[in-house]
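J.: Fold the following and give me the result.
(chains A and B)
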Number of protein chains: 2
Amino acid sequence: VSKPLAIALDLGGTQARAALINRAGEILARKSENTKAQDSGDVVLAQLANLAQIVAVGHDWQTIAGVGLSSPGPVDTTTGTAFQLATIPGLNGLPMQNILEQSLSLPVRVENDGTAAAIGEWRFGAGRGHDHLVYVTVSTGIGGGVICDGSPLRGRRGLAAEVGHLRLVPNGEVCGCGIKGCFEAYASGTALAKRARKRMNNTALDTEMIFAAAKNGDAAANTLIDEEAAFLGQGFATLLHLYSPDLIIMGGGVSAQFERLHQGMVRELNANAMPAFQNTPIVKAALGGHSGLIGAASLIFDLR
Amino acid sequence: VSKPLAIALDLGGTQARAALINRAGEILARKSENTKAQDSGDVVLAQLANLAQIVAVGHDWQTIAGVGLSSPGPVDTTTGTAFQLATIPGLNGLPMQNILEQSLSLPVRVENDGTAAAIGEWRFGAGRGHDHLVYVTVSTGIGGGVICDGSPLRGRRGLAAEVGHLRLVPNGEVCGCGIKGCFEAYASGTALAKRARKRMNNTALDTEMIFAAAKNGDAAANTLIDEEAAFLGQGFATLLHLYSPDLIIMGGGVSAQFERLHQGMVRELNANAMPAFQNTPIVKAALGGHSGLIGAASLIFDLR
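T.: Alright, predicted model coming up:
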């Protein structure tokens, strides 16, 4: 008999979140805390184990199939080890899977956060029933994950699908990663805000204010958003050519403005995609901020 | 007992090639003809069946495990159907697998030519032992194939890994595919020759002449080749970020000049790749013009 529940952990540089999730993808309990990001790795893992126990309160431990962890940074999914974790340095290189299995006495699986979110949307969200999809989260940065031929793409050291770092512009804006011209450096929420601040000479502008101004008819704000949609469509076109997904799923903070951006993204995608790839749907993530949590639970439900 | 031989067919717009190949990847017999590209699909398939029989002469048909076909165009590998075949229009939409199985009484598998070549290098060439690789053929165009997590990437309608059509330059040179700024429009042999002809005001130049002039110390030719290497390195950097291969394997006509291009490609790749991807090896294809044929045979040897 397969156990009906999984514990999902979504570890971010700011928030550590836990949820108890059933095989229908429904969240039965949730709990979040500020990540003890500057503490040692053992302290962070103890925090995660504690969160796991809290969301399971009132449920028999025997009904829980395991624990899925969505982690930032490249993840070696065979050992459950993350590395190059800028935001939670104490976890670098720690065998998280093994340590959590010891402390929780449950099977644990660890996945990169972009891939976990892609899996969530694939199993329970906007990508259900598709064998091929690209999930792109557009917020302070751009990340994502890819499902191709019915499997998540991982690649060497779990580093595949760094979709924010396809090069959009030669010798372009310097990206947070240090390289020039990345998709992220043009189309993230941060990049949009930066362009707006510069052009409107107002250092207080954020993306919400830009969308609000555009809605009120501000021409400069609307131009900025049209450019944002164009950059997104251009990046998506390269993703189509390289992964050939059935659809592109857009999540992250900027996807709150999906409806405003959609037409412009489609136009630019079609202008930059070969005929066989044109009109590939771009859809909004269905699970909102929970794609990663639900994807982490899927890691457990899909275990064989 | 597994049968020791496979027949490989490599169908191009110009040449149709066949080989008899053993499980060590050795070619025992070969035959090629000009493709009857303007004839009906049935005529082209009869030509392929005839070539298959010719390379098997002197071998018991019972020792042949099957026939692998490397075909241009996107290929639906589940049905063995190719479409959007500009060079051999008669084959568009024909169930090639089924028709060849009927005429040859052997299992047949069909694969896109870029993916077939990637499989050949993976199984028997420069990519042996690796679970993740990107094969890029640089010749009149740029094509290729990807092995990720131990499987060939296919994607929707077998269209994944159109590596020649990642966008290198916004609003750039028009590519053969109709889109502006593709990798292929900057880094293919055709693109190099076009730049040379324009810059040197000599409409007779081809890539071999450019490399020969560079070897003789011609400064303008050396600059053109340095630019070619840079474009290749830039495109490869985006491929690293999206697929995270263990290595990039370069084949195609331009790879004859691999040694001249290597240092420049590595320099530009490292300048455009995030730290975790820097120094990923770029190597020359080991099977030369036979990557596709040997990959087609692998389709049969890997059948379960």
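
J.: tell me which element the closest residue to residue A:99 other than its chain neighbours falls in.
T.: Leaving out its chain neighbours, the residue that sits closest to residue A:99 by CB to CB, 6 or more residues apart in numbering or on different chains is residue A:45, at 5.3 Å. C-beta coordinates here come from the backbone N, C-alpha and C atoms, glycine included. Counting by DSSP states H and E, the element that carries residue A:45 is helix A:41-55.

J.: Tell me how far the residue nearest to residue A:99 lies from residue A:201.
T.: Counting by CB to CB, to the nearest Å, the gap from residue A:45 to residue A:201 is 46 Å.

J.: between these two, which one's more packed in?
T.: residue A:45 (22 against 8; other CB atoms under 10 Å in any protein chain shown).

J.: and the more buried one, what does it touch?
T.: A:91, A:94, A:96, A:99-100, A:103 (CB atoms under 8 Å, 6 or more residues apart in numbering or on different chains).

J.: ok, which pair from these is furthest apart?
T.: Distances among the contacts of residue A:45 were taken as CB to CB; the most separated pair is A:91 and A:103, at 14.6 Å.

J.: quick revisit: so the residue nearest to residue A:99 versus residue A:298, what's the distance?
T.: In this structure, residue A:45 and residue A:298 are separated by 22 Å, where distance is defined by CB to CB.

J.: again with residue A:270
T.: 32 Å.

J.: Same drill for the two, tell me which one is more crowded.
T.: When neighbours are counted by other CB under 10 Å, residue A:298 comes out ahead of the other of residue A:270 and residue A:298, with 26 against 15.

J.: Does residue A:180 touch residue A:174 like I think?
T.: Yes - checked against CB atoms under 8 Å, the pair residue A:180 and residue A:174 is within contact range at 5.5 Å.

J.: since we're on residue A:271, how many residues are nearby?
T.: Residue A:271 sits with 14 neighbouring residues when counted by other CB under 10 Å.

J.: can you pull the buried residues of the helix or strand where it lies?
T.: Here residue A:271 sits within helix A:258-272, counting by DSSP H and E. Judged by neighbour count using 16 or more other CB atoms under 10 Å in any protein chain shown, the buried positions of helix A:258-272 are A:258, A:260-262, A:264-266, A:268-269, A:272.

J.: measure the residue nearest the centre of chain A to residue A:17 for me?
T.: In chain A, the C-alpha nearest the mean C-alpha coordinate belongs to residue A:114, at 3.7 Å (CA atoms, centre = their mean). Note on residue A:114: its distance to residue A:17, by CB to CB, is 16 Å.

J.: for residue A:183, same thing?
T.: In this structure, residue A:183 and residue A:17 are separated by 27 Å, where distance is defined by CB to CB.

J.: Looking at the two, which one has more neighbours?
T.: residue A:183 (30 against 23).

J.: so the more buried one makes contact with residue A:142?
T.: Yes - the pair residue A:183 / residue A:142 is scored as a contact, 5.7 Å apart, by CB under 8 Å.

J.: who touches both of these two?
T.: When contacts are counted by CB under 8 Å, 6+ apart, the set common to residue A:183 and residue A:142 consists of A:163-164, A:235.

J.: In JSON lines, list the residues you listed along with distance to residue B:4, neighbour count and pLDDT.
T.: What follows is these, written out as JSON lines (distance: CB to CB, whole Å; neighbours: other CB atoms under 10 Å in any protein chain shown; pLDDT from 0 to 100):
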{"residue": "A:163", "distance to residue B:4": "44", "neighbour count": "29", "pLDDT": "96"}
{"residue": "A:164", "distance to residue B:4": "48", "neighbour count": "24", "pLDDT": "95"}
{"residue": "A:235", "distance to residue B:4": "48", "neighbour count": "29", "pLDDT": "97"}
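
J.: I appreciate the help and will end here.
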